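Participant: just need the structure, nothing else, for what follows:
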Amino acid sequence: MISNKKVYFASDQHFGAPTAELSFPREQKFVAWLEQVKHDAEAIFLLGDLFDFWFEYKTVVPKGFVRVLGKLAEIRDSGIPIYFFVGNHDLWMEDYFQTELNIPVYHDNKEFTFNGKTFLIGHGDGKGPGDMGYKRMKKVFTNPFSKWLFRWLHPDIGVRLAQYLSVKNKLISGAEDVKFLGEENEWLVLYAKRKLETKHYNYFVFGHRHLPMIMPVGENSDYVNLGDWIGYFTYGVFDGNNFELLKFEK
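Facilitator: Numbering: from 1, shown residues only. Sure, this is the predicted structure:
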């Protein structure tokens, strides 16, 4: 890492929910955060659910989010790497970010090393024990035949239907609804501990849980959940030596 540079992490913005109008102030706040961090960013990681729904037809993507996409394009064009990991709400993302913004898109965890510290990074959905219903449903959603069928819906119908179901089945009411389940019941904590049995990581960084936390899971190893941009407005920052969770107050 370059001296005085930092690596930034954010996830679970869920832009577009519960409505475009109510989402707009959160989008403005996130753009302000991007504007702030670009001045000392070594890299920026977005860990999924940036949108509450996203589907890429061959020639169409959901309209809106122009300020967010424009700011990401500006930052990427300036030479700062941005990495995007799909979440369970934007898992139908394909190559739009790669083609239009030069931002690589990952559909599973990926390892990175910064300043000698090893990171395992991903959205976090479907990891660890339990949640079998979601895991089965994810297989259906990510099946090529399912995506092919959905693509036959006119975008005005498909996007509206998906947005309705997305908001209806999600805790968009705020982060205060999310409760810590205890270390023995947090699936991502258990997942991190299991991964440590075969390989050491200094940091496991995930989203999905909507609950900001940093928890030791082994010797010199921490599990990090980034929270969200619905009620917490939290983000992670690694300065080359330490990882912090901070709240964007602007």
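Participant: list of residues touching stretch 196-206?
Facilitator: Stretch 196-206 has contacts (CB atoms under 8 Å, 6 or more residues apart in numbering) with 9, 11, 45, 47, 111, 117-124, 127, 188, 191-192, 195, 217-218, 220-226, 236, 238, 243. Heads up, the C-betas are built off the backbone N, CA and C, glycines and all.
Participant: how does it look with 7 Å?
Facilitator: Stretch 196-206 has contacts (CB atoms under 7 Å, 6 or more residues apart in numbering) with 9, 47, 117-124, 188, 192, 195, 217-218, 220-225, 236, 243.
Participant: for whatever helix or strand Ala192 lives in, packing partners?
Facilitator: Taking DSSP states H and E as the criterion, Ala192 maps to helix 187-195. Judged by 3 or more CB pairs under 7 Å, 6 or more residues apart in numbering; DSSP states H and E, helix 187-195 is in contact with strand 213-218, strand 221-225.
Participant: quick one, what contacts the spatially closest residue to Arg26 that is not a sequence neighbour?
Facilitator: In this structure, Arg26 finds its nearest non-sequential neighbour in Trp229, 5.8 Å apart by CB to CB, 6 or more residues apart in numbering. By CB under 7 Å, 6+ apart, the residues touching Trp229 are Ala10, Asp12, Gln13, Arg26, Phe30.
Participant: just the element for the closest residue to the third one other than its chain neighbours, please.
Facilitator: Okay, so that is Gln13. Spatial nearest neighbour of Gln13, chain neighbours left out: Trp229 (4.2 Å); criterion: CB to CB, 6+ apart. Assigned by DSSP H and E, Trp229 belongs to no helix or strand.
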